[in-house]
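Participant: Fold the stuff below for me.
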Amino acid sequence: KVVFAFSEASDGNLLLGLRARGERTVLPLDNCGLLPPAAVGIVPKVRELARTFGLRAWSGKGRSGASGNGCLRFLVVRIPEYKLRGRAQILVECITGPTRSDFGRSKEQADAVRRLGAELMARLPLTGFVHSVRADSAAIAQGEHVEAVLGDAVLRERYGGLVLHFPHNIFMQTNTGVAE
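Facilitator: Residues are numbered from 1 along each chain as shown. The predicted model follows:
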């Protein structure tokens, strides 16, 4: 699993990348060496589509008085080692935050995130896309509830002779050699 963060540059341009250690500053990038080749292209495509659909980064103000009208917080890419019918499992989760609209997502933003997911599913070899929402202001990349699922949100991993099925938001030991 690799977690990317959304932010906005001083000129208002949407940023998507990794956070600097111990900071909220986002270092924009197009790829991460931790991701396998099958995942190359996800980050720039998400950034492009988010801009196309007018999505902005969440302001970080939390439940009480969000000052901005952006919603994008985190992008989580999960790729278990186990291949499903010979194909890599690639699940992307877009975690959004609350907006001014009743401390939840506005319908337009939720629809735009769903369109972003549908476009990703059509253009990239994803097996699933999840839109989840985190209203709590803590900078933790875990949604509090699921807004939408496209494709398959269940991942599979092989441990010895067992193939385990687990939901998109659960921690699963990624070092299968140690787990076995």
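
Participant: and I90, what is it in contact with?
Facilitator: 38-39, 42, 77-79, 124-128 (Cβ atoms under 8 Å, 6 or more residues apart in numbering). Quick note: C-beta positions are derived from backbone N, CA and C, even for glycine.

Participant: Filter these down to the buried ones.
Facilitator: 38-39, 42, 77-79, 124, 126-128 (16 or more other Cβ atoms under 10 Å).

Participant: Is it possible to get JSON lines of the contacts of I90 that adds secondary structure, distance to R158 and pLDDT?
Facilitator: Output for these, formatted as JSON lines (DSSP: H, G, I helix; E, B strand; the rest coil; distance: Cβ to Cβ, whole Å; pLDDT from 0 to 100):
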{"residue": "A38", "secondary structure": "helix", "distance to R158": "17", "pLDDT": "78"}
{"residue": "A39", "secondary structure": "helix", "distance to R158": "19", "pLDDT": "81"}
{"residue": "I42", "secondary structure": "helix", "distance to R158": "24", "pLDDT": "93"}
{"residue": "V77", "secondary structure": "strand", "distance to R158": "20", "pLDDT": "92"}
{"residue": "R78", "secondary structure": "strand", "distance to R158": "15", "pLDDT": "89"}
{"residue": "I79", "secondary structure": "coil", "distance to R158": "14", "pLDDT": "86"}
{"residue": "L124", "secondary structure": "coil", "distance to R158": "24", "pLDDT": "93"}
{"residue": "P125", "secondary structure": "coil", "distance to R158": "20", "pLDDT": "90"}
{"residue": "L126", "secondary structure": "coil", "distance to R158": "21", "pLDDT": "92"}
{"residue": "T127", "secondary structure": "coil", "distance to R158": "16", "pLDDT": "92"}
{"residue": "G128", "secondary structure": "strand", "distance to R158": "18", "pLDDT": "95"}
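
Participant: Looking at these, which is nearest L155?
Facilitator: Checking the contacts of I90 against L155 by Cβ to Cβ gives R78 as the nearest, at 6.2 Å.

Participant: so the closest one sits right up against R156, yeah?
Facilitator: No: between R78 and R156 there is no contact under Cβ atoms under 8 Å: 11.3 Å.

Participant: now, which of the contacts of I90 sits nearest R24?
Facilitator: Of all these, R24 sits closest to V77, with 20.2 Å by Cβ to Cβ.
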